[in-house]
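> 3D model of this:
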Amino acid sequence: MTSSLIRKAAPALLGAFLFASCSSSSGGTGGAGGTGGAAGTGGAGGTGGSLADPNCNGREELCDRPFDQVAFPMTHNAMSNAEAGWVSPNQNFGLTRQLNDGIRGMMLDTYDEEGELLLCHVICLAGSQPLVEGLEEITTFLEGNPEEVVSIIFENYITNAQTADAFDDSGLIDFVYAHEIGKPWPTLAELIAAGTRLVVFQEKLPQEAEYPWLMNIWDHAWETPFSFAAPEDFTCDPNRGDPANPLFLFNHFLSAPLGGSPDLAEMVNHNPLFIDRAHECEAENDDFANFIAVDFYDIGDLFDVVDDLNGF
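Purely as a prediction, here's the structure:
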């Protein structure tokens, strides 16, 4: 399938029709404690959610919210994980476990190592995964969970065409959403109804007309800084991107010299420090934090913080 066949998000009326009568749902993802990642049932490919039991990322209350008014738990260097034996990993578990535990945003680094496209971080000898294989894990999750919206932010050291080919080969192209700058973001219900449940950004290259779904993150978002050695170094100052952009990437992790550190995650992933800093950065910048990015998501209170920001 080529990117010219990508489906656009359905009109607002379609999403409203499908989800206006949301009733209580069961088995949702997200939520406190990171429990229950595999929410929806059925739904192969890019099909929409169940009409009988509508649910949006584990919460029926999120169905009517625009994408830029929802907080999503996100993993920094999501591919780098102890379970697969990476050196100095940033996470304990791989991509499938992360999704099953409730993660709905992933920061992934892509490299071309002698013609092989890989997920790795700086030094691929320290750990890597074939790019298509990693993307197939996300495809499988989306196929089995038709009421879940997921985002990816690529730190990309490959071309847009190479990324697009990997999306074609993995089947993930069937789920992508292309957003036009300056237009209102669709609700989660609209993304689910249209089957465009994967929002994809990349950092390093401008958006190309041939791949409208592969969006430059800094056209749509801004972020807080991410190079902190100790909790007292945290600031809420804008880093990359324009704070006027509709999406806010809230980086909340400490940087070890060679990679991740569970000990550093223990220092910053717990409340009240975590939620207090999130509220502080929202207040200082008069903005809503969308992507809540951490190392070692299973340590601390990430899912409680996301629930709090979403009003639960």
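> Report the residue spans of the stretch 1-150 of the chain with pLDDT below the cut-off.
Along the stretch 1-150 of the chain, segments meeting pLDDT under 70 span 1-53.
> Could you pull out the helices in the stretch 51-200 of the chain for me?
Secondary structure of the stretch 51-200 of the chain (DSSP state H, counting those that start in this stretch): helices at 95-101, 131-144, 160-170, 188-194.
> Single out the most deeply packed of those.
Most buried of those by mean neighbour count (mean count of other C-beta atoms under 10 Å) is helix 188-194; its value is a mean of 27. Every C-beta, even on glycine, is put in place using the N, C-alpha and C of the backbone.
> OK, contacts around the most centrally placed residue in the chain?
For the chain, the residue nearest the mean C-alpha position is Gly105 (1.5 Å; C-alpha atoms, centre = their mean). By C-beta atoms under 8 Å, 6 or more residues apart in numbering, the residues touching Gly105 are Phe72, Pro73, Met74, Thr75, Val150, Ser151, Ile152, Ile153, Phe291, Ile292, Ala293.
> what's around the closest residue to it other than its chain neighbours, how many residues?
Counting by C-beta to C-beta, 6 or more residues apart in numbering, Met74 is the residue found nearest to Gly105 once chain neighbours are left out, at 3.2 Å. Number of residues near Met74 (other C-beta atoms under 10 Å) recorded here: 27.
> Let me see the contact set for Met74.
Contact analysis of Met74 by C-beta under 8 Å, 6+ apart lists Ile103, Arg104, Gly105, Met106, Met107, Ser151, Ile153, Leu249, Phe291, Ile292, Ala293, Val294.
> Quickly find the element holding Met215.
In the assignment (DSSP states H and E), Met215 maps to strand 214-216.
> which helices and strands sit right next to that strand?
Under the contact definition 3 or more C-beta pairs under 8 Å, 6 or more residues apart in numbering; DSSP states H and E, strand 214-216 sits against helix 160-170, strand 198-202.
> Which helix or strand lies directly C-terminal to it?
strand 221-223.
> which residues of this structure fall in strands?
Per DSSP state E, the chain carries strands over the ranges 72-75, 105-113, 116-120, 128-130, 150-156, 198-202, 214-216, 221-223, 247-251, 291-294.
> From Gly259, how far off is Arg277?
Arg277 sits 22 Å away from Gly259, going by C-beta to C-beta, to the nearest Å.
> One more: Val199?
Taking C-beta to C-beta as the measure, Val199 falls 27 Å from Gly259.
> Neighbour count: the two, which is higher?
In this view Val199 and Gly259 are compared by other C-beta under 10 Å, and Val199 has more residues nearby, 26 against 19.
> re earlier: are any of the contacts of Met74 buried, and if so which?
Neighbour-count burial (16 or more other C-beta atoms under 10 Å) applied to the contacts of Met74 gives Ile103, Arg104, Gly105, Met106, Met107, Ser151, Ile153, Leu249, Phe291, Ile292, Ala293, Val294.
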